[in-house]
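*Asks:* Kindly return the folded structure for what I paste below:
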Amino acid sequence: MAHKLKYKDTFQFSNLILDYLNEDKKLKPFINYFPRKENFLKQIKLKEKQKINRNVLVNVLKTQNKSLKLSKKTNDNISLISYKNTFTVTTGHQLCLCTGPLYFIYKIISTINLCEQLAELNKGYNFVPVFWMASEDHDLEEINHINLFKKKLKWNTDQAGVVGEMSLKNIEEFLFEIKNSFKDFSNNKILSMFEESYLKHNNLADATRFLVNELFGKYGLVIIDANCKELKQQFIKQIKKDIFYNTYYEYLKKTTDDLSKYYKPQANIRKINFFEISKGRREYITDDFKKKKIENSPEIFSPNVLMRPLYQEIILPNISYVGGGAEISYWLQLKSVFDLENVPLPILVLRSSIMLISSKQKKVLMKKGFNLKDIFLSKEELHKKYVLNNFSKEISLNKEYKKLKEIYEKIRLKTSDVGLQSSLQAQIHKQLNWVSNFEKKIIREKKRECTNSLNQIDKLKEQLFPNNKLQERNDNFFQHNISNNDKLIEIIKGAIDPLSANFVVLEI
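*Replies:* Next up is the predicted model:
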């Protein structure tokens, strides 16, 4: 069962994201359209004016995915991209081992579900979900581990450079640790999938493509690796503009400055927004490059976080990007750059956020007198609420607090002297503080009397917020999937409405 909460009630999301979900008018200059159902047709009309090299795109997709066992739906979707009435909805992510944290899964399902919704609303068009592999990323520390059954399992490798090209020759020890983690379960399907992904492919990009296709291929997901010469040839003009003329710097700076009047910007602004890729290296470009080098070898030029969106929208017939809060934030820095290039900024959709809760965990929560929203309170706040719920008559000094204020008010009416009233006000403040502090001492005393219950609350809090993070930012998908008979993707898919501005607590 899916229980919906307002994002603001979780205390986990920035003011920018809350304002974006509420369609705050001060964000309008940074987008084309907010993510409402009726706005997607408007976005299509904008995108139709842009020339997309669909033939190159389809040929690249066929080549990149030829070694995979593609579903009929994915094969059909790749072919459909050739047609001008086909548009994509894209999400992207780093090449996290074994899918990394749960939200990797949520992003992709949000994208698939959005395409299905759009197809229902706009019968004359086709919508294809796309997963953009961040194969050019070089931050190995962010992807080289997973959190599984309360343990951090790490792939130890000393490789450097873009992660997609990293060899998997030394990954056996990591997979052995995963196998040990699953030793108490009879289901070996997950282990077989991991072994086929990471032992039968040469690099991380190929392994990730295989794994994601295994999980989502039946829904028609198309996987793209944009670290590709044929695709980057379409981006040569923009690479030159950025490296030789710093064309985008002033536009980025102006938009970022405007945005920073209200929010802290996500991405830093640079004059040059490209890396150069070489064997084992990905380094920011700081010196001069010959134009011939860009013309002949565009594949060695890798866009940073602010140029990657532009690259994506130039090569894809894309109308929407599904991302997390940080991604939405840096996309908002880009509107003027997109306008300059006459490329429509896509509709930005916040990926769905979900907390998985078992029936047993929910029962404990309810038994302690809490509702689902309460789980987002701190441990201290939960302790206080529990004690007050169970001992309010014994503890609460609200009546005494109110009576004391009434007494002082009667005394205040006895004089109109400003000095005396000021002295009285100071005394009132002192006495009311004393009452408040005394009540806290009574609460602490009662807490000692119900240690077992408070320990249960702490345990539940730690289960749902592992390492003091949202569950979706820590736990690996497969530890929850195995206890749900491999049906978790379907369960999650049924709970996600990508255009619903709600946080979902999903009882499983």
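*Asks:* where exactly do the strands run in the chain?
*Replies:* Secondary structure of the chain (DSSP state E): strands at 2-6, 86-93, 126-133, 145-148, 151-154, 222-225, 274-278, 281-284, 301-303, 318-323, 347-350, 354-357, 502-507.
*Asks:* winner for burial among those?
*Replies:* The highest mean neighbour count among the strands of the chain, using mean count of other Cβ atoms under 10 Å, belongs to strand 318-323: a mean of 26. Where C-beta positions appear, they are placed from N, C-alpha and C, glycine not excepted.
*Asks:* Dump the C-alpha coordinates for that strand into PDB.
*Replies:* What follows is strand 318-323, C-alpha atoms only, in PDB (Å, rounded to 0.1, in the frame of the first residue of the first chain):
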ATOM      1  CA  ASN A 318      14.000  14.800 -25.700                       C
ATOM      2  CA  ILE A 319      11.100  16.600 -24.000                       C
ATOM      3  CA  SER A 320      11.700  15.900 -20.400                       C
ATOM      4  CA  TYR A 321      14.500  15.100 -17.900                       C
ATOM      5  CA  VAL A 322      13.700  13.100 -14.800                       C
ATOM      6  CA  GLY A 323      16.200  13.800 -12.000                       C
END
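*Asks:* Make TSV out of the strands of the chain and add mean pLDDT and distance to Glu214.
*Replies:* As requested, the strands of the chain are exported to TSV (pLDDT from 0 to 100; distance: least, Cβ to Cβ, whole Å):
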stretch	mean pLDDT	distance to Glu214
strand 2-6	94	26
strand 86-93	98	16
strand 126-133	98	13
strand 145-148	95	17
strand 151-154	95	20
strand 222-225	98	11
strand 274-278	90	28
strand 281-284	89	28
strand 301-303	94	27
strand 318-323	98	21
strand 347-350	98	25
strand 354-357	97	21
strand 502-507	95	23
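*Asks:* For those strands, give me a markdown table that also has distance to Ala205.
*Replies:* Below are those laid out as a markdown table (distance: least, Cβ to Cβ, whole Å):
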| stretch | distance to Ala205 |
| --- | --- |
| strand 2-6 | 34 |
| strand 86-93 | 13 |
| strand 126-133 | 6 |
| strand 145-148 | 18 |
| strand 151-154 | 20 |
| strand 222-225 | 6 |
| strand 274-278 | 13 |
| strand 281-284 | 14 |
| strand 301-303 | 13 |
| strand 318-323 | 20 |
| strand 347-350 | 26 |
| strand 354-357 | 27 |
| strand 502-507 | 31 |
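*Asks:* Nearest to Glu400 among the ones you listed would be which one?
*Replies:* With Cβ to Cβ as the criterion, Glu400 lies closest to strand 2-6 of the strands of the chain, at 35.0 Å.
*Asks:* Could you export that closest one as CSV, CA atoms only?
*Replies:* Extracted as CSV, the C-alpha positions of strand 2-6 are listed here (Å, rounded to 0.1, in the frame of the first residue of the first chain):
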residue,chain,number,x,y,z
ALA,A,2,1.3,3.5,-0.9
HIS,A,3,0.9,6.3,1.6
LYS,A,4,1.5,9.8,0.2
LEU,A,5,3.1,12.6,2.2
LYS,A,6,3.8,16.2,1.3
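*Asks:* Mark out where each domain of the protein begins and ends.
*Replies:* As recorded under automatic domain parsing, the domains making up the chain are 23-234+304-352, 369-469.
*Asks:* Now do the first one: distance to the chain's middle.
*Replies:* Its chain's C-alpha centre lies 12 Å from the corresponding centre of domain 23-234+304-352 when counted by Cα atoms, centre = their mean, to the nearest Å.
*Asks:* Quick check, pLDDT for Ser483.
*Replies:* We have a pLDDT of 74 for Ser483.
*Asks:* ranking the domains of the chain by mean pLDDT, which is last?
*Replies:* Note on the domains of the chain: domain 369-469 shows the lowest mean pLDDT, a mean of 81.
*Asks:* Pick the most deeply packed of the domains of the chain.
*Replies:* Highest mean neighbour count among these (mean count of other Cβ under 10 Å): domain 23-234+304-352, a mean of 19.
*Asks:* Would you mind measuring the gap between the ends of it?
*Replies:* 17 Å (Cα to Cα, to the nearest Å).
*Asks:* Could you report the distance from Lys37 to Ala2?
*Replies:* Taking Cβ to Cβ, to the nearest Å as the measure, Lys37 falls 20 Å from Ala2.
*Asks:* Likewise for Asp258?
*Replies:* Distance from Asp258 to Ala2, by Cβ to Cβ: 38 Å.
*Asks:* per-residue confidence at the residue nearest to Lys232 when sequence neighbours are not counted?
*Replies:* Excluding its sequence neighbours, the residue lying closest to Lys232 (Cβ to Cβ, 6 or more residues apart in numbering) is Pro298, at 3.9 Å. Pro298 carries a pLDDT value of 92.
*Asks:* Wait, Pro298 touches Lys237, no?
*Replies:* No - counting by Cβ atoms under 8 Å, Pro298 does not reach Lys237; the two are 10.3 Å apart.
*Asks:* neighbour count winner among those two?
*Replies:* Applying other Cβ atoms under 10 Å to Pro298 and Lys237 shows that Pro298 carries more neighbours, namely 19 against 11.
*Asks:* Show the contacting residues for that one.
*Replies:* 229, 232-233, 235-236, 239 (Cβ atoms under 8 Å, 6 or more residues apart in numbering).
*Asks:* of the residues you listed, closest to Glu400?
*Replies:* Closest to Glu400 out of those is Phe235 (71.1 Å), distances taken as Cβ to Cβ.
*Asks:* The residue lying closest to that closest one once chain neighbours are set aside and Asn227: what is the separation?
*Replies:* Closest residue to Phe235 apart from its sequence neighbours, by Cβ to Cβ, 6+ apart: Tyr311 at 5.2 Å. Distance of Tyr311 to Asn227, given as Cβ to Cβ: 11 Å.
*Asks:* Thr247 now?
*Replies:* 23 Å.
*Asks:* And Tyr125, by the same measure?
*Replies:* 29 Å.
*Asks:* got any residues that touch both of Pro298 and Lys237?
*Replies:* By Cβ under 8 Å, 6+ apart, no residue touches both Pro298 and Lys237.
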